[in-house]
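Visitor: Kindly return the folded structure for what I paste below:
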Amino acid sequence: PTYTAMLALRGLAAQRGLNLAEVPGSGIGGRITEQDVLAFEARAKAPVAPAGVAKPPARTVPFAGMRQAIAEHMVESLHTMAQLTMMMEVDVTELVQLREQVKADFDVTYTDLLVMAVAKTLKNHPLLNVVLIGDEIQLLDCIHIGVAVALPDGLIVPVVRDADKLTVQEIAQKVRRLAQGAREGTLSVDEVAGSTFTITNLGNYGLDGFTPIINAPEAAILGVGRIAERVAVHDDQIARRKMMTLSLTIDHRLVDGAPGAEFLRSLQELLQNPYRLLV
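Guide: This next block holds a predicted model:
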């Protein structure tokens, strides 16, 4: 290039914060052109993939909508509560037998039976059926059980209101209707608000135990694992039994470990003697 053209290229490079000596030329004899400077700048500003990433992702998903709302709710829950998870194994052999008997009359799931068992247990353990509103711990008379339902883009928690006053069949009908409404996106605000205790069942995914995150402003959430056949001691004999792991997370600001453990033990006793659910 001419002297004037070279000065112009140097000025352009300086303006763009580039070292002209590093710019490869594509012109005759390797001469640098204005397009070479602009192309070099574009390459320099291109984002660098993290170490170990061979190529950009095939696609991206916006961090917005339901996914962002769930993230914000979960992060707030973990950042504002002293969460403690305790686990207990339960022999549900008789619960499995009870479900098979009840299914002869109407469709019932283990989640339905757990909703009823939790509701009955909460009546005797009111410290687990509380919410924190402002600077007040509110002990509630009503028992509204939230049931987490997985959706393609997140999860939602429909509410079975006054679960302690319902029969197993009524609970089964409500849970089925709420789950269908959740998947179809037809639930009203009242049907997804106001729970006092939440159940999340991941047993269908093959999990045993996990650490569920509390659905604020509640004080506790129950995680339910799979039913697995294991060797256990029953009536002083070694036998094959159906076992389930329950994971209870409590807000240690509102509930101490001892009341949480007592709740789990009472729930264990009820699930191991499930015919009391029908009384």
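
Visitor: Where do the strands of the chain begin and end?
Guide: Listed in chain order, the strands of the chain (DSSP state E) span residues 83-91, 130-133, 136-139, 145-147, 149-151, 154-156, 159-160, 197-201, 220-234, 237-251.

Visitor: Now the fourth one: average pLDDT?
Guide: Okay, so that is strand 145-147. Strand 145-147 shows an average pLDDT of 97 in the prediction.

Visitor: what do you get for the last one?
Guide: Predicted confidence along strand 237-251 averages 96 (mean pLDDT).

Visitor: now swap in stretch 215-230 and tell me
Guide: 96.

Visitor: What segments of the stretch 51-200 of the chain are helices?
Guide: Ranges of helices in the stretch 51-200 of the chain, per DSSP state H, counting those that start in this stretch, are 65-80, 93-102, 110-124, 168-184.

Visitor: Would you mind finding the most buried of the ones you listed?
Guide: Mean neighbour count (mean count of other C-beta atoms under 10 Å) peaks for helix 110-124 among the helices of the stretch 51-200 of the chain, with a mean of 22. Where C-beta positions appear, they are placed from N, C-alpha and C, glycine not excepted.

Visitor: on that earlier part again, tabulate the strands of the chain (a markdown table), appending distance to Leu270.
Guide: Putting the strands of the chain into a markdown table (distance: least, C-beta to C-beta, whole Å) gives the following:
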| stretch | distance to Leu270 |
| --- | --- |
| strand 83-91 | 10 |
| strand 130-133 | 21 |
| strand 136-139 | 22 |
| strand 145-147 | 15 |
| strand 149-151 | 24 |
| strand 154-156 | 27 |
| strand 159-160 | 17 |
| strand 197-201 | 14 |
| strand 220-234 | 13 |
| strand 237-251 | 11 |
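
Visitor: quick one: low-confidence parts of the stretch 1-150 of the chain?
Guide: 1-7, 29, 46-56 (pLDDT under 70).

Visitor: need the contact list for the residue nearest to Ala8 when sequence neighbours are not counted.
Guide: Excluding the flanking residues, the one nearest Ala8 by C-beta to C-beta, 6 or more residues apart in numbering is Glu34, at 7.8 Å. Counting by C-beta atoms under 8 Å, 6 or more residues apart in numbering, Glu34 makes contact with 8-9, 12.

Visitor: how about the nearest residue to Met74 once chain neighbours are set aside, what does it touch?
Guide: Among residues not flanking Met74 along the chain, Ile213 sits closest, at 5.2 Å (C-beta to C-beta, 6+ apart). Each residue near Ile213 by C-beta under 8 Å, 6+ apart is listed here: 74, 77-78, 83, 221, 249.

Visitor: Using a markdown table, lay out these together with distance to Ser26.
Guide: Shown next, in a markdown table, are the contacts of Ile213 (distance: C-beta to C-beta, whole Å):
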| residue | distance to Ser26 |
| --- | --- |
| Met74 | 52 |
| Ser77 | 57 |
| Leu78 | 54 |
| Gln83 | 61 |
| Ile221 | 63 |
| Thr249 | 63 |
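
Visitor: Kindly indicate which of those residues lies nearest Leu95.
Guide: Closest approach to Leu95 among the contacts of Ile213 (C-beta to C-beta): Ile221, at 20.6 Å.

Visitor: Roughly how far does the closest one sit from Ile156?
Guide: 15 Å (C-beta to C-beta, to the nearest Å).
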